[in-house]
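> here is my input; please provide its structure:
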Amino acid sequence: MITLGNHTYRREGIGDYLARSETVIRPANAGAWTPGHGLAVVEARNGVNVAVLNLLGSLYLDTPQSPWEVVDVLVDEAREHAPVVVLDFHAEATSEKVAMARWLDGRVTAVIGTHTHVQTNDARVLPGGTAAITDAGMTGPHDSVIGVKAELAIRRMRTRLPVRFEPAEGGVRIEGVVVDCSDDGRASGIELLRLEL
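Have a look, this model is predicted:
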């Protein structure tokens with residue numbers, strides 16, 4: 001599964017692809033008229049169904065609909081199809097990510113925060129059996145400003161003038177988490193993953 005975020009529709013042409021895709025999902029609260037799906041179910045290697053959800057946070061992001069308005073219905077729908085439920089919560093504020101994980105504790109297997117591109121050191125399993133992390137990190141060049149050539153990002157910040165960003169090169173890492181869970185969806189562990197290429 002691939003989940004997307006607040007830049008999903010930045011380039012033309014992705015809408016038709018997302019409308020057909022069963023493995024790439026966009027935030028469920030991206031707007032009722034946006035193409036694509038915010039929930040998908042895949043079968044794990046052991047035959048257990050896994051539901052993957054995608055939501056945008058509402059603090060400091062231009063989000064069409066609050067995640068809090070849709071999360072309960074989305075989780076209920078996911079649990080009808082799969083015992084293992086993973087939420088990619090693409091949000092800016094750590095407080096909103098922590099609050100979402102607490103709200104869903106015991107109802108989903110994992111709440112994995114994304115968006116800030118910096119892997120956090122707060123991976124934990126909550127009392128109800130939900131694994132959580134504020135941000136899983138970034139896949140891309142770490143000798144950068146969240147993937148952009150540092151000098152370009154700094155120029156934009158210092159001058160406040162438009163600067164065309166270019167991806168940085170070198171120092172590529174793959175970051176994420178590995179969640180251990182039982183077939184009924186209860187998490188027993190969460191471990192940080194960082195591979196340097």
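
> just the CA atoms of the helix-or-strand element of the chain with minimal mean pLDDT, as PDB, please.
Using mean pLDDT, DSSP states H and E, helix 14-20 stands out as the lowest-scoring helix or strand of the chain, at a mean of 92. Below are the C-alpha coordinates for helix 14-20, written out as PDB (Å, rounded to 0.1, in the frame of the first residue of the first chain):
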ATOM      1  CA  ILE A  14      -3.100  11.700 -10.800                       C
ATOM      2  CA  GLY A  15      -6.900  11.800 -10.400                       C
ATOM      3  CA  ASP A  16      -7.700   9.200 -13.000                       C
ATOM      4  CA  TYR A  17      -5.000   6.900 -11.600                       C
ATOM      5  CA  LEU A  18      -6.300   7.300  -8.000                       C
ATOM      6  CA  ALA A  19      -9.800   6.600  -9.100                       C
ATOM      7  CA  ARG A  20      -8.700   3.200 -10.400                       C
END
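
> the helix or strand following it pairs with which strands?
Later in the chain than helix 14-20, the nearest helix or strand by DSSP states H and E is strand 24-25. According to DSSP bridges, strand 24-25 has the following sheet partners: strand 2-3 (parallel).

> contact partners of the partner strand?
Residues from elsewhere that reach strand 2-3 (C-beta atoms under 8 Å, 6 or more residues apart in numbering): 23-25, 52, 54, 88, 90, 114. C-beta: built from backbone N, CA, C; applies to glycine.

> all helices of the protein, in order?
Secondary structure of the chain (DSSP state H): helices at 14-20, 67-81, 94-104, 150-159.

> count the neighbours of the nearest residue to Glu166 once chain neighbours are set aside for me.
Among residues not flanking Glu166 along the chain, Lys149 sits closest, at 5.1 Å (C-beta to C-beta, 6 or more residues apart in numbering). For Lys149, the tally of surrounding residues (other C-beta atoms under 10 Å) stands at 18.

> you'd agree Lys149 is up against Arg164?
No - using C-beta atoms under 8 Å, Lys149 makes no contact with Arg164, being 10.3 Å away.

> one step back: which of the contacts of strand 2-3 are buried?
Among the contacts of strand 2-3, those buried by neighbour count (16 or more other C-beta atoms under 10 Å) are 24-25, 52, 54, 88, 90, 114.

> which members of the residues you listed occur in strands, if any?
Counting by DSSP state E, these place 24-25, 52, 54, 88, 90, 114 in strands.

> got the residues you listed as a markdown table, with distance to Gly171 columns?
Listed next are these as a markdown table, based on distance: C-beta to C-beta, whole Å:
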| residue | distance to Gly171 |
| --- | --- |
| Val24 | 27 |
| Ile25 | 29 |
| Val52 | 29 |
| Asn54 | 28 |
| Asp88 | 25 |
| His90 | 24 |
| Thr114 | 20 |
